[in-house]
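Peer 1: Please work out how this folds:
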Amino acid sequence: MSQVEKIEGEIAELSPADLVAFRRWFGEFDASVWDREFEADAMAGRLDGLAENALKEHASGRSTKF
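Peer 2: Okay, the predicted model is just below:
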């Protein structure tokens, strides 16, 4: 049995209150991981092309307010 399968089994056995607490914790954890990945990509310049394209589209009048 893999570690993920073990965790899945443990989660399936959580009480409703513990499941709520777990969801809250995991949501915060997952967002934090994503934020670190996004920041690393930005610092490494991997998002520069996207930003340049967005600015060009905006300058050419192709963007709209939402």
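Peer 1: quick one: the helices in the chain?
Peer 2: For the chain, applying DSSP state H gives helices covering 3-12, 16-43, 48-59.
Peer 1: Turn those into a markdown table, including mean neighbour count.
Peer 2: The C-beta positions use only the backbone N, C-alpha and C, and glycine is treated the same way. Shown next, in a markdown table, are these (neighbours: other CB atoms under 10 Å):
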| stretch | mean neighbour count |
| --- | --- |
| helix 3-12 | 10 |
| helix 16-43 | 10 |
| helix 48-59 | 10 |
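Peer 1: Now render those helices as TSV, adding mean pLDDT and distance to residue 66.
Peer 2: Compiled in TSV, the helices of the chain are given as follows (pLDDT from 0 to 100; distance: least, CB to CB, whole Å):
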stretch	mean pLDDT	distance to residue 66
helix 3-12	98	37
helix 16-43	98	21
helix 48-59	95	13
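Peer 1: JSON lines for those, including distance to residue 65?
Peer 2: Below are the helices of the chain laid out as JSON lines (distance: least, CB to CB, whole Å):
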{"stretch": "helix 3-12", "distance to residue 65": "42"}
{"stretch": "helix 16-43", "distance to residue 65": "24"}
{"stretch": "helix 48-59", "distance to residue 65": "11"}
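Peer 1: Give me the contacts around stretch 16-25.
Peer 2: Contacts to stretch 16-25, defined as CB atoms under 8 Å, 6 or more residues apart in numbering, come from residues 11, 14.
Peer 1: chain center to it: distance?
Peer 2: Centroid separation for stretch 16-25 versus its chain: 19 Å, with CA atoms, centre = their mean, to the nearest Å.
Peer 1: Can I get it in CSV, CA atoms only?
Peer 2: Extracted in CSV, the C-alpha atoms of stretch 16-25 (Å, rounded to 0.1, in the frame of the first residue of the first chain):
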residue,chain,number,x,y,z
PRO,A,16,-17.1,15.3,10.2
ALA,A,17,-15.5,17.9,12.5
ASP,A,18,-12.0,16.6,11.9
LEU,A,19,-12.7,16.6,8.1
VAL,A,20,-13.7,20.2,8.3
ALA,A,21,-10.4,21.0,10.1
PHE,A,22,-8.4,18.9,7.7
ARG,A,23,-10.0,20.7,4.7
ARG,A,24,-9.2,24.1,6.2
TRP,A,25,-5.6,23.0,6.9
